[in-house]
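*Asks:* Predicted model, plus sequence, below.
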Amino acid sequence: MKKTLVFHLISHASGELIEMLARNAVAQLEGVHLERKLWKRVRRMGQLPEILAAVADSPGFVLHSISDTDIREAIEAACARLGVPCQFALEPLISRLAGYSNASVQLHASSGNLFDEDYFLRVEAMKYTLAHDDGVASDDLADADVIIVGVSRATKTPTCMYLASRGIKAANVPLVPGIQIPVALVSPQAPLVVGLIVDPARLSLIRSARLTSLHQSENTDYSDFDALRKELLAARRLFILHGWPIIDVTNRSIEQTAAMIIDMLEARAAHQP
C-alpha cells in the first residue's frame, strides 16, 4: 500500500524547477505517492497567509525556492511553529558551493523602493502573529490588536495569518478542556477578544481528517461528535460569560471571518476616546 506524501511547493517563479525536483526526489522513494500543492510567483508577504493556512490545514513537507530574505524567514518561521519540515530547494548545494569557493552566501532582499510604512506594519504583524500562535506567549498579549479564541481546528491560525497580512497583530489562544484560560484574556487592559465556533458535525469531519493525516486512531474524544458538542457548548458559554463577540465559521471563508473581525476593530476604535 502506497503512502501519500503531501508536498507544498512554493516558488518565486513558474514553479517548473521546484516541481521537477519534488517529482524526481519522490521517485526515488519506494511506495510513496506524491500529492503536491504548488504556489507560483510568490513575491509578496501578502501572499503567505493563504499558503500557510493551507499548510496548517494539510500538513506536509514544504519545499521552497524563495531567496527574498523577509519572505523566506516568514515561511521558515511559520513552518517551525506549525511543526512541519521546510527545505530551501537549493540547499545543501549553495552551502557546499560556498564552502568550496570560500565565498559568503548572500540572499536577495526586495528592492528598497518597494518598502513603505504599510509594508513594515505587515512584516511586524506577521512576526507577532507567528510568535503568539496556538497559545504561545499567552501571558504577554498586551500588544495584540485582537485575540482569537476557540477550540482546536476552528481556523484560528489561518485567520490570524490573514489578519497579519493586513497589518493586524493577531494572537490566538486554544480552548483545551480542563485547562484554564490565560489571565491576560480577562484583564481590564485586554484587547479585542473574539470567539470562534463551528458546527460540531463539520468539526468532527475536520478533526477526523486531521487524525488520518497524522496516521493516528480516530477512536478518541478529539473527533467524537458528542464530546465535540459538549466542548463547543462550553466554549460558547465562556464567550457569553465574558461578553466576547462570537463568529460561527462553519460556512465562512477565512477572508469573511477576517473581514468581520476588521469591522469589529474599526468599530472599537471609533468608540475609544
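*Replies:* Arrived safely, thanks for sending.

*Asks:* Look up phi and psi at residue 176.
*Replies:* Main-chain dihedrals, residue 176, degrees, to the nearest 10: phi -120, psi 120.

*Asks:* wait, what's in contact with the closest residue to it other than its chain neighbours?
*Replies:* Distances taken as Cβ to Cβ, 6 or more residues apart in numbering place residue 152 nearest to residue 176, at 7.7 Å, with adjacent residues excluded. (C-beta placed from N, C-alpha, C; glycine too.) For residue 152, the contacting residues are 174, 176, 207, 222, by Cβ atoms under 8 Å, 6 or more residues apart in numbering.

*Asks:* how close does residue 152 get to residue 221?
*Replies:* 11 Å (Cβ to Cβ, to the nearest Å).

*Asks:* and what of residue 199?
*Replies:* 18 Å.

*Asks:* likewise residue 21?
*Replies:* Using Cβ to Cβ, one obtains 41 Å as the distance from residue 21 to residue 221.

*Asks:* Please identify which of these two sits among more neighbours.
*Replies:* Set side by side, residue 21 and residue 221 show more neighbours around residue 21, with 17 against 12, by other Cβ atoms under 10 Å.

*Asks:* That one belongs to a helix, doesn't it?
*Replies:* Yes: applying DSSP: H, G, I helix; E, B strand; the rest coil, one finds residue 21 inside a helix.

*Asks:* residue contacts, it?
*Replies:* 63, 89.

*Asks:* ok, residue 193 to residue 250 distance?
*Replies:* From residue 193 to residue 250 the distance is 20 Å (Cβ to Cβ).

*Asks:* what about those two, which has more around it?
*Replies:* A direct count of neighbours by other Cβ under 10 Å for residue 193 and residue 250 places residue 193 higher, at 22 against 14.

*Asks:* from what I can see that one touches residue 144, true?
*Replies:* No: counting by Cβ atoms under 8 Å, residue 193 stays clear of residue 144, with 9.2 Å between them.

*Asks:* what sits in contact with each of these two?
*Replies:* By Cβ under 8 Å, 6+ apart, no residue touches both residue 193 and residue 144.

*Asks:* All the helices of the stretch 151-273 of the chain, residue numbers only.
*Replies:* Secondary structure of the stretch 151-273 of the chain by DSSP state H, counting those that start in this stretch: the helices cover 156-165, 200-213, 225-242, 254-270.

*Asks:* related to what we said a few turns ago, specify which member of the contacts of residue 152 is nearest to residue 72.
*Replies:* Nearest to residue 72 among the contacts of residue 152 is residue 174, at 27.8 Å by Cβ to Cβ.

*Asks:* just checking, that closest one touches residue 135?
*Replies:* Yes: if you go by Cβ under 8 Å, residue 174 and residue 135 touch, sitting 5.3 Å apart.

*Asks:* Could you export the helices of the stretch 151-273 of the chain to TSV, including columns for mean neighbour count and distance to residue 59?
*Replies:* Listed next are those as TSV, based on neighbours: other Cβ atoms under 10 Å; distance: least, Cβ to Cβ, whole Å:
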stretch	mean neighbour count	distance to residue 59
helix 156-165	27	12
helix 200-213	16	6
helix 225-242	15	21
helix 254-270	15	17
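
*Asks:* For those helices, which has the smallest mean pLDDT value?
*Replies:* Note on the helices of the stretch 151-273 of the chain: helix 200-213 shows the lowest mean pLDDT, a mean of 82.

*Asks:* Please compute how far it lies from its chain's middle.
*Replies:* Computed by Cα atoms, centre = their mean, to the nearest Å, the separation of helix 200-213 from the middle of its chain amounts to 18 Å.

*Asks:* Could you list every helix and strand that it packs against?
*Replies:* When contacts are defined as 3 or more Cβ pairs under 8 Å, 6 or more residues apart in numbering; DSSP states H and E, helix 200-213 packs onto helix 225-242.

*Asks:* Give me the neighbour count for residue 184.
*Replies:* The burial count for residue 184: 20, using other Cβ under 10 Å.

*Asks:* how about the nearest residue to it, chain neighbours excluded?
*Replies:* Nearest to residue 184 is residue 141, by Cβ to Cβ, 6+ apart, at 4.4 Å.

*Asks:* for the one you found, helix, strand, or coil?
*Replies:* Classified using three-state DSSP, residue 141 is coil.

*Asks:* one step back: what residues are shared contacts of residue 152 and residue 221?
*Replies:* With contacts taken as Cβ under 8 Å, 6+ apart, not a single residue reaches both residue 152 and residue 221.
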